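[1] got a sequence here, can you model it:
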Amino acid sequence: MNIFKDRVARLGIRARLLGGISAVLSLIVVLTAVGIDQVNRIDRNLTTINDINGVKMRHAIDWRGSVHDRAILLRDLTLVTRPDELQRIQAHFRRLVDDYRNASQGMREVIAANGANEQENRLLATIERQAERTDALASDIIAERDRGNIEAARRILLAEAGPAFFQWLDDINAFIDYQEAETARDTAGARDTASGFQALMLGLCLAALLIGGLIAILLSRQLLRELGAEPHEVKAFAEAIGRGELAVEGKQRHGDRHSIMAAQVAMARQLQGIVAQVRAAADSVAGNSEQIAAGNGHLASRTEQQASALSQTASAMEELNTTVAQNADNADRTSREAEEAATTAIQGGQAVQQVTQTMRELEESAGEIADIISTIDDIAFQTNILALNASVEAARAGEHGRGFAVVAAEVRTLAQNSATAAREVSDRINRNAERVKHGNARAAEANQAAEEVVASIRRVSRFMQAVNEASMEQRAGVQEAGTAVTQMDRVTQQNAALVQESATAADNLRQHAERLMAAMSAFRLPDASHRSQVTAHDGTARPAEPSPAVPSLPPRSPRASTPACV
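    Below is the predicted model:
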């Protein structure tokens, strides 16, 4: 319950009033909806009774009248003897048949429009079958009478047609009884709905009255609790505070701490303390503003001296910036020269590496030639052996092998010369291989020396790059320092102007303080004895709540004191 009250209290007055009115209107809508539903239900029952059951009963009664009158006419038909009377009865009989047919057409239209239940369909089917059977017997009687056979007509009437007409009437009466029962049931339902509707509407009206009254009471209590007093009392107290009459007392309920009236009373007490504080502060501001004006004069002179010193410092920083910029440029050019030397050393190292690779390839080629010379030596040795064998064979052949012996001797001489030449070539290649090995060793040493030179030049290049970066940072730092000094000079000049403006503002502040004291005199504060107690709404006196403490002002410094230099 408390949570619900808190939620309602947080809503605005418009929301609460709209909520209460909406609740009452909702109850009215519910009453209207229930009433319309009950009236519609009664209307449906009455429509069923009058437009459906009543029409069906009226057509059934027409059936019954037609059947009853036709039974009497058939009886009269067997009794009359004059032709004119016979024609009159037959004409009347045909009109009754037409009446029955019209009633049947109306019955079918009602059933087609509103439908029929199973019981009604069964009763109507029974009536229709009996009608066909009885109409056939009536046609037989009329035919016998037309032929002049009165006895045969009477016999059919008494034996078959009479009981058939009675059964037909009983079937029609059964349908009429059923319609009367349905009408009675619908009438009872309508009466029950009407009686229940009366009780329901009475209960809903009482509930709506109770709920509406409860909502009105709750809204009025909440509004009065939030206001804390009657609206005209709250308005009068607010108007008094607006006129500056802070000594007026508001009627506050006992224990009220959260209403609008309580908030206004608390506001009045706070305003009393605030006005007292403002008066004291205005007096203090009026005195201190003169001291501020004198101090601003001294501060202006010192600020001008500081501005002159900063101008000299800015000039020195400009000269230092120029020197540092030259050093940075020289370091940058030295770094570029070191990078070019490193590039040249790297290219020389690459050339030495290519020479070393070429010497290695020569050494490998010398080895391959030595292998070829060894193969030639082996061929010469084998050729020499073959030449010896050929000489031996030529000697065996005698006179026939003499020419072959000469060829073998030449081949042997050629093989010996080839072996001698191969040994000489092999000796020279071996000596060249030794020289190539010595060349490889010297090239390796030169390559290592070139790599060391490249590494040294790279280190020098890195050192020069670091020096260049340091020079650039130094240059940027000097530029920033120069910019800062320039800004300080500009700010100091601005401060000097602001000090002059501050002196003028201090004088204006003193004048405004005097005007403020004059404006505060419009508020009427209660005396100390009167403020010690506040009269409550019930007439009992209770101590007043303490006003906010007035902050103590700093003591005035002597007029001749000099403010600290910025």
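
[2] so which bits of stretch 473-489 are buried?
    475, 478, 482, 485, 486, 488, 489 (16 or more other CB atoms under 10 Å). C-beta coordinates here come from the backbone N, C-alpha and C atoms, glycine included.

[3] before we move on, what about stretch 409-421?
    411, 412, 415, 418, 419.

[4] wait, which of these is closest to residue 190?
    Nearest to residue 190 among these: residue 418, at 149.6 Å, using CB to CB.

[5] and that closest one, what does it touch?
    Counting by CB atoms under 8 Å, 6 or more residues apart in numbering, residue 418 touches 376, 379, 380, 383.

[6] now do residue 444
    residue 356.

[7] ok so, going back, using JSON lines, lay out the buried residues of stretch 473-489 together with distance to residue 510 and pLDDT.
    JSON lines is the format used below for the buried residues of stretch 473-489 (distance: CB to CB, whole Å; pLDDT from 0 to 100):
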{"residue": "475", "distance to residue 510": "52", "pLDDT": "71"}
{"residue": "478", "distance to residue 510": "47", "pLDDT": "70"}
{"residue": "482", "distance to residue 510": "42", "pLDDT": "73"}
{"residue": "485", "distance to residue 510": "37", "pLDDT": "71"}
{"residue": "486", "distance to residue 510": "37", "pLDDT": "78"}
{"residue": "488", "distance to residue 510": "32", "pLDDT": "76"}
{"residue": "489", "distance to residue 510": "33", "pLDDT": "72"}
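
[8] quick one on the thing from earlier: and the furthest pair within the buried residues of stretch 409-421?
    Taking CB to CB, no two of these sit farther apart than 411 and 419, at 12.5 Å.

[9] just the buried residues of the contacts of residue 418.
    376, 380, 383.

[10] quick one: least confident of the residues you listed?
    pLDDT across the buried ones among the contacts of residue 418 is at its lowest for residue 380, which sits at 74.

[11] sorry, back to before: and which of the contacts of residue 418 is nearest residue 152?
    residue 379 (163.5 Å).

[12] can you tell me the helix or strand for that closest one?
    Secondary-structure assignment from DSSP states H and E places residue 379 in helix 260-397.

[13] which secondary structure elements does that helix sit against?
    Counting contacts by 3 or more CB pairs under 8 Å, 6 or more residues apart in numbering; DSSP states H and E, helix 260-397 packs against helix 162-227, helix 231-242, helix 402-520.

[14] can you list those helices in JSON lines and add distance to residue 94?
    Shown next, in JSON lines, are the helices and strands packed on helix 260-397 (distance: least, CB to CB, whole Å):
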{"stretch": "helix 162-227", "distance to residue 94": "17"}
{"stretch": "helix 231-242", "distance to residue 94": "91"}
{"stretch": "helix 402-520", "distance to residue 94": "117"}
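
[15] distance to residue 134 added to the buried ones among the contacts of residue 418, as JSON lines?
    Formatted as JSON lines, these follow (distance: CB to CB, whole Å):
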{"residue": "376", "distance to residue 134": "152"}
{"residue": "380", "distance to residue 134": "157"}
{"residue": "383", "distance to residue 134": "157"}
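
[16] could you give the backbone dihedrals for residue 81?
    phi -120, psi -20 (degrees, to the nearest 10).

[17] can you give me the neighbour number for it?
    7 (other CB atoms under 10 Å).

[18] do the same with residue 503
    The local packing of residue 503 (other CB under 10 Å) involves 19 other residues.

[19] how near is it to residue 326?
    Using CB to CB, to the nearest Å, one gets 47 Å for the distance from residue 503 to residue 326.

[20] likewise residue 60?
    Relative to residue 326, and taking CB to CB, residue 60 is found at 132 Å.

[21] cool, residue 509 as well?
    54 Å.

[22] among those two, which residue is more densely surrounded?
    Shown here are residue 509 and residue 326; by other CB under 10 Å, residue 509 has more neighbours (19 against 11).

[23] test my guess that the more buried one contacts residue 284.
    No: contact between residue 509 and residue 284 fails when scored by CB atoms under 8 Å: they sit 11.4 Å apart.

[24] secondary structure class for residue 148?
    Secondary structure state of residue 148, per DSSP: H, G, I helix; E, B strand; the rest coil, is coil.

[25] compute the number of surrounding residues for it.
    Neighbours of residue 148 (other CB under 10 Å): 8.

[26] quick check: phi and psi at it.
    According to degrees, to the nearest 10, residue 148 has phi 90, psi 10.

[27] that one and residue 171, how far apart?
    In this structure, residue 148 and residue 171 are 33 Å apart, going by CB to CB.

[28] since that was my last question, I'll sign off now.
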